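Visitor: here is a sequence with its predicted model. Questions after.
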Amino acid sequence: MARHLITSAIPYINGIKHLGNLIGSQLPADLYARYLRARGHEVLFLCATDEHGTPAELAAAKAGKPVADYCAEMHDVQAEIAKGFGLSFDHFGRSSSPQNHALTQAFAGRLNEVGLIREVTEEQVYSVTDGRFLPDRYIEGTCPNCGFDSARGDQCDNCTKQLDPTDLIEPHSTISGATDLEVRETKHLYLRQSDLRGKLQDWINTKTDWPILTTSIANKWLNDGDGLQDRGITRDLDWGVPVKDGTADWPGMEGKVFYVWFDAPIEYIACAQEWEDAGKGTNWQSWWRTDQGADDVTYTQFMGKDNVPFHTLSFPATIMGADQNWKLVDYIKSFNYLNYDGGQFSTSRGRGVFQDQALDILPADVWRWWLLSHAPESSDAEFTWEAFQTDVNKDLADVLGNFVSRITKFCRSKFSEAVPDGTYGPAEEALIADLTDKVAAYQAHMDAIEVRKAAASLRAIWVAGNEYLQAEAPWSTIKEDEAKAAGQVRLGLNLIQLYGVLSAPFIPTMARTMLDAMGTDEVWPDDVGAALNLLKPGHAFTVPENLFSKITDDQREDWAARFAGTRS
RNA sequence: GGCGCGGUAGCUCAGUUGGUUAGAGCGAACGACUCAUAAUCGUUAGGUCGGGAGUUCAAAUCUCCCCCACGCCA
C-alpha cells in the first residue's frame, strides 16, 4: 500500500465549464484516484475553484453581485456539478480560503527572506472612471498601423501588430467604455525565476518518464529567447490575497493583491489544510512536507496543456525557492484539447456541451466513458454526436449492458434468481487464463495513466464475456447437460461481479448497479480465478434494469441542433 | 514570422531502442447463433504509413527540404 497525492487543475470560478475542461484534468484525475483506492492505496485527491483575478470581478459585476458572494455561489454550483459527474474529491476547496490567504502570504514572505523577490516600478494604464488599473487586453482603441477600430492594448487583431496601450488612438476601457485613461506609475513584486533556471532545468531533465507534451513545453519556456523570465506576482486589484510579507505589512504594496497565478497553485497545499480543518482528515502536512512524512508520497498532477508552464516552472520555482521541504510534483499528466464538431468549444459563444447540460440529458457514466475512452492524450481529440452515439451505444448498451441482461435473464428463466450449482471445465479455465492476462494489461495501463489504452483493455475484458457465452452457448448446453449449463451460467454471473469492480473507476454508477444486483462488495481481483469463484452456488442476485438505454437518432439530432449555437 | 503537437485503412486511433506478409475498435459486406437492450460471435474487404530526397542489408520508425491542420508566442 502506497500513499498517493492527486490534484486536478483547479477550474476558474467565472461560470460553468464545458466538457473539454472536464476531460482535460478532473475526469482523468478522478479515474486514477478511484483506481488507486480500489487497489488499496491511500489516496488524497484534491481540487478547488480558482477564484481571484479580473475575470471574476467582471463576472460578478455583470451578475450584479459582490464578488465574494458571486464566488461563493459559483463554487457551490461547480461543486454540485462535480458531484454529478461522480468526481471523488476528498475535498473541493477554494483559492479564496483563509488557509490559502495565509499560506500565499507566508510563501511570499519566505521568498522575500531568501532574496528571490524584487520590486519593480512600472507604468500602467489607469482608468479613472473604473477606478482601477486596466490589463492591456481590457483596453481598446484604433490601431495606429492599420486604422482598425477595435485593436486591443496588447495587439491589433486585424493587422497582428504588437502594440502598447499607449500606442492606441482614442483608447477606451472595454469594461466601462470610459475614455479618461491615464498612465500612472505602480510598484509590483517580481519573483526571480531566472535565478532558479538551472535548478529547474536540472529537475526537468530528470523527468524522462513524463509525457513529451509536458517536458517540451517546460523546455521551451526555459530556453526560448533569453530563457526563463522573472515574473510579476502582484496586481492592482481589490479581489485577491492582500500582499503581505508573511504576516507583516509590505511597505509600498498597500491595496495590492497577489497575482492569481501565484496563489492558485498554492491552493493545492492550502486545500489539504482545508480538508483537515473541515474534519475530513488529519495531519495534512504528512502529505505536503517531506520533513513531516510526505517522503513516501507520490504526487501526480493532472491538467490541460495550457496549464503546463505554471506547473512545470512557476509553481516549482515557488516550492524550490522557499526551500522548506515542500513536496514537489512527481508526475505531470497533461492533456490536449477536445474539439467540438470540427471546431473549438466556445464558452463565449455557447458552442458545445456544457457540464450542467450534459448531466441534464444523459447519466454521468455515459459522458465519463466516452470522454475517458477518447481522452486527448497524444493530440487534440474530436467530439461529434455521431461518434458519441455509436460509441456509447455499442460499448455500454450492446457489449456491457447486454451482457449483464442476457446472463441474468437466462439464469432467471432457466434456473432461478440465485447462482446455480455447476463446475468449471477446460473452457472456463481457458477464460480465466485469458482474463488474467487481460486484467494484467488493464492494470498496467492504469498504473501508467494511459487512459485510452486502459479503456480499450477494459472493453476487451467485457468482450471476452460475450465471446465465452457465444462459444459455450449455455442455451444449447442446457438441452442435453443441465449441470454443465449451470457451471457456464455461474461463471457468467461471476463475470458481472468482476466487471463491476474493474469498471468502477470509469463508470462508478453502473458498476455500483452491477455489484448491488449481484449482492457483492468491491474486491479487486488480484487473483482472477478466485474472483470468478466469489459468487457461490445458491448466492441470490437480482436482475437489474438495463444499465443504459441507447441514444436514438432523434435524440442525437435534437442535441446536435441544440448545442450548435448560442447558449441562452 | 518563430516555436510546439500532429498528418497511418471510410471514421477514431495503436505502432517500444529502424527488422519477417503495417495493427485495434467503429463503420461495410458475408456467415453463425437466438439467451439478451434487433443485442452477440466469426470471417472478409480496405492503407504505395502527407510529398520528395538521403542514410542503411533493412524505415511508418533516423537526417534534410517541402506541403497541410491545429495550437502557443512575439
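Guide: On my side now, so go ahead. Numbers count the residues shown, from 1 in each chain, chains lettered A, B, ... in the order given.
Visitor: now chain A against RNA strand B: closest residue?
Guide: In chain A, the residue that lies nearest RNA strand B is A:Gly401 (1.9 Å; CB to the nearest atom of the strand). C-beta here means a position set from N, CA and C on the backbone, and glycine is covered the same way.
Visitor: next up, the contacts around that residue.
Guide: A:Met510, A:Asn546, A:Leu547, A:Phe548 (CB atoms under 8 Å, 6 or more residues apart in numbering).
Visitor: avg pLDDT for the host helix or strand of A:Phe302?
Guide: Element membership of A:Phe302, judged by DSSP states H and E, is strand A:297-304. Per-residue pLDDT over strand A:297-304 has a mean of 91.
Visitor: that strand: which residues count as buried?
Guide: Neighbour counts over strand A:297-304 (16 or more other CB atoms under 10 Å) mark A:Val297, A:Tyr299, A:Thr300, A:Gln301, A:Phe302, A:Met303, A:Gly304 as buried.
Visitor: tell me which of these is nearest to A:Gly153?
Guide: Checking the buried residues of strand A:297-304 against A:Gly153 by CB to CB gives A:Gly304 as the nearest, at 26.3 Å.
Visitor: isn't that closest one up against A:Gly24?
Guide: Yes: counting by CB atoms under 8 Å, A:Gly304 touches A:Gly24, with 3.6 Å between them.
Visitor: quick check: neighbours shared by those two?
Guide: With CB under 8 Å, 6+ apart as the test, A:Gly304 and A:Gly24 both reach A:Ala9, A:Phe335, A:Tyr337.
Visitor: export the residues you listed to TSV and tack on neighbour count and pLDDT?
Guide: What follows is the shared contacts of A:Gly304 and A:Gly24, written out as TSV (neighbours: other CB atoms under 10 Å; pLDDT from 0 to 100):
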residue	neighbour count	pLDDT
A:Ala9	27	91
A:Phe335	28	84
A:Tyr337	19	82
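Visitor: with secondary structure and distance to RNA strand B as added columns, please give those in a markdown table.
Guide: Below are those laid out as a markdown table (DSSP: H, G, I helix; E, B strand; the rest coil; distance: CB to the nearest atom of the strand, whole Å):
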| residue | secondary structure | distance to RNA strand B |
| --- | --- | --- |
| A:Ala9 | coil | 15 |
| A:Phe335 | strand | 11 |
| A:Tyr337 | coil | 7 |
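Visitor: residues of the stretch 301-450 of chain A that sit close to RNA strand B?
Guide: Residues of the stretch 301-450 of chain A lying close to RNA strand B by CB under 7 Å from any atom of the strand are A:305-306, A:336-337, A:344, A:374, A:376-382, A:387, A:390-391, A:394, A:396-399, A:401-402, A:404-407, A:409-410, A:413.
Visitor: filter those down to just the ones in helices.
Guide: Counting by DSSP state H, the part of these found in helices is A:Ala387, A:Thr390, A:Asp391, A:Asn402, A:Val404, A:Ser405, A:Arg406, A:Ile407, A:Lys409, A:Phe410, A:Ser413.
Visitor: list buried residues within those residues.
Guide: A:Asp391, A:Asn402, A:Val404, A:Ser405, A:Arg406, A:Ile407, A:Phe410.
Visitor: what about the strands in the stretch 301-450 of chain A?
Guide: A:331-335, A:338-340, A:343-344, A:381-383 (DSSP state E, counting those that start in this stretch).
Visitor: ok, and what's touching stretch A:123-134?
Guide: A:136, A:139, A:153, A:165-166, A:171, A:173, A:175-176, A:178, A:180-186, A:235-238.
Visitor: any idea of the mean pLDDT for it?
Guide: 82.
Visitor: buried ones in stretch A:340-352?
Guide: A:Tyr340, A:Asp341, A:Gln344, A:Phe345, A:Thr347, A:Gly350, A:Arg351, A:Gly352.
Visitor: now the end-to-end length of that stretch.
Guide: 6 Å (CA to CA, to the nearest Å).
Visitor: do stretch A:544-552 as well
Guide: Terminal-residue distance, stretch A:544-552 (CA to CA): 22 Å.
Visitor: pretty sure A:Leu435 contacts A:Glu467?
Guide: No: look at A:Leu435 against A:Glu467 with CB under 8 Å: they stay out of range, at 10.9 Å.
Visitor: so for those two, which residue has more residues nearby?
Guide: Neighbours of A:Leu435 and A:Glu467, each counted by other CB atoms under 10 Å, are more numerous for A:Leu435; the result is 24 against 13.
Visitor: mind checking how far stretch A:285-293 is from the chain centre?
Guide: 24 Å (CA atoms, centre = their mean, to the nearest Å).
Visitor: contacts for that stretch, please.
Guide: A:Arg3, A:Leu5, A:Leu44, A:Ile269, A:Ala272, A:Asn283, A:Ala294, A:Val297, A:Gln324, A:Asn325, A:Trp326, A:Lys327.
Visitor: can you rerun that using 6 Å?
Guide: Stretch A:285-293 is contacted from outside by A:Leu5, A:Leu44, A:Ile269, A:Ala272, A:Ala294, A:Val297, A:Asn325, A:Lys327, using CB atoms under 6 Å, 6 or more residues apart in numbering.
Visitor: so who does the fifth one touch?
Guide: This means A:Ala294. So, once contact is read as CB under 6 Å, 6+ apart, A:Ala294 ends up touching A:Trp287, A:Trp288, A:Lys327.
Visitor: what do you get for the second one?
Guide: Taking CB under 6 Å, 6+ apart as the definition of contact, the neighbours of A:Leu44 are A:Leu5, A:Asp90, A:Trp287.
Visitor: secondary structure class for it?
Guide: strand (DSSP: H, G, I helix; E, B strand; the rest coil).
Visitor: ok, A:Glu382 touching A:Tyr340?
Guide: No: using CB atoms under 6 Å, A:Glu382 is not in contact with A:Tyr340, being 8.2 Å away.
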